[in-house]
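1. Show me how the following folds:
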Amino acid sequence: MSQESGALASAVAQVAAVRDDPAARLALMARVFRGPTGNAPKHLPFRRAALSFMRWQSRRGVLNALDASPPGSLWWRAVNERLLRDGCETVAILGGMSGEPSSPSVRFWLDFAAEPTGRNWYRAHNASVVDAYLENRRLADEESAPERFFMHVALARVLYAHSLATAPRLALGRFAPLGRLLGDPRLGMAGAFLSLRRVLPDRYPLELDVERYIDDEQHLGRLLDYAVIAPKLQALYEWSAEELAEPRLCELVRDGNPTYAWPLEERHVWSRREMPFAGRLLERATRAR
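-> I've put the predicted structure just below:
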């Protein structure tokens, strides 16, 4: 039998069929949460968060065909395809197709299928995302500086949303009791964290420099990124690496500074010299204890 047989081959074919159609990609992800029989009521509520993460990609145009005007992003398309492929392979295995799970992330998706909890959903979703980041470093290097900056913002946001639901003291400090509610992927707040529509610019490719986009970021989003997430970034990556059983994730951060397709010498963009009073207060209040 070939290396790509049974469930994996089916998943690869399904993803290839929607590769140049962003709307079809979204529809395929929606079908994943209906399972092999089309009837999975316990899994459907989790579809909201998964589609939130994809919809902002589609709106930005990063999933567009490469011959579209403007063309999509090779890197974002690849990251999205990994997420789709893992989901489709899981459904195929559950439907009785042959083949062992092709990756640990698919095993996490199978865990979620067997027990649809918030923690299991985040582990599956974020394991696919992290694996996609790791396997597409070369494509990331080809993106513009502001796009590479926002790759880190996107990754930090999905890891942080996971910590809200599963490690709320790390995420929110003294406000930890709110974490599970804010991070529940079945509810609207988690979708807001994952949609990123108020964080990333709504068009691709980006034309301004990084500092201009940071200055233009919505005020609440900037406070969340710089006052709440950035101070605990090293701990967040280390916790996520253990939670996802992926130690290579720690290679993407150094001394609290993201380093994925980003030089450490330009780490100044990850901290704000003039944090407003509200930001300083928020940082202290949400500091892990």
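
2. Might you list the low-confidence residue ranges for the stretch 101-250 of the chain?
-> Low-confidence segments of the stretch 101-250 of the chain (pLDDT under 70): 191-200, 216-220.

3. Helices along the stretch 151-289 of the chain, start to end?
-> With DSSP state H, counting those that start in this stretch as the criterion, the stretch 151-289 of the chain has helices at 168-172, 179-183, 188-195, 210-216, 219-223, 233-243, 277-285.

4. Any buried residues in stretch 209-227, and which?
-> Along stretch 209-227, these residues count as buried under the neighbour rule (16 or more other CB atoms under 10 Å): 210, 213-214, 217, 221-227. Where you see a C-beta, it was placed from the backbone N, CA and C, and this is true even at glycine.

5. still on that earlier bit, please identify the deepest-packed of the helices of the stretch 151-289 of the chain.
-> Among those, ranked by average contacts under mean count of other CB atoms under 10 Å, first place goes to helix 168-172 (a mean of 21).

6. Send me that helix as CSV with only the CA atoms.
-> This file holds the C-alpha atoms of helix 168-172, laid out as CSV (Å, rounded to 0.1, in the frame of the first residue of the first chain):
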residue,chain,number,x,y,z
PRO,A,168,-6.8,30.1,33.6
ARG,A,169,-4.3,31.2,36.4
LEU,A,170,-1.5,31.5,33.8
ALA,A,171,-3.9,33.4,31.5
LEU,A,172,-5.6,35.7,33.9
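
7. Who are the packing partners of it?
-> Helix 168-172 makes packing contacts with helix 145-166, helix 179-183, helix 233-243 when contacts are defined by 3 or more CB pairs under 8 Å, 6 or more residues apart in numbering; DSSP states H and E.

8. Apply 6 Å and report the result again.
-> Secondary-structure packing of helix 168-172 (3 or more CB pairs under 6 Å, 6 or more residues apart in numbering; DSSP states H and E): helix 145-166, helix 179-183.

9. would JSON lines of those with distance to residue 137 be doable?
-> Below are the helices and strands packed on helix 168-172 laid out as JSON lines (distance: least, CB to CB, whole Å):
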{"stretch": "helix 145-166", "distance to residue 137": "11"}
{"stretch": "helix 179-183", "distance to residue 137": "28"}
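
10. which of those helices is buried the deepest?
-> Most buried of the helices and strands packed on helix 168-172, by mean neighbour count (mean count of other CB under 10 Å): helix 145-166, with a mean of 22.

11. Centre of the chain to that one, how far?
-> Relative to the mean C-alpha coordinate of its chain, helix 145-166 is positioned 6 Å out (CA atoms, centre = their mean, to the nearest Å).

12. Next, the angle from that helix to helix 233-243.
-> Going by axes from the mean of the first three to the mean of the last three CA atoms, to 10 degrees, helix 145-166 is angled at 60 degrees with respect to helix 233-243.

13. ok, residues contacting helix 145-166?
-> Helix 145-166 is contacted from outside by 118-119, 122, 126, 129, 170-171, 179-180, 182-183, 190, 193-194, 196, 199-200, 206, 210, 213, 229, 236, 240, 258, 261-262, using CB atoms under 6 Å, 6 or more residues apart in numbering.

14. cool, and stretch 59-76?
-> Stretch 59-76 has contacts (CB under 6 Å, 6+ apart) with 20, 22, 25, 57, 77, 80, 136, 139-140, 143, 202, 204.
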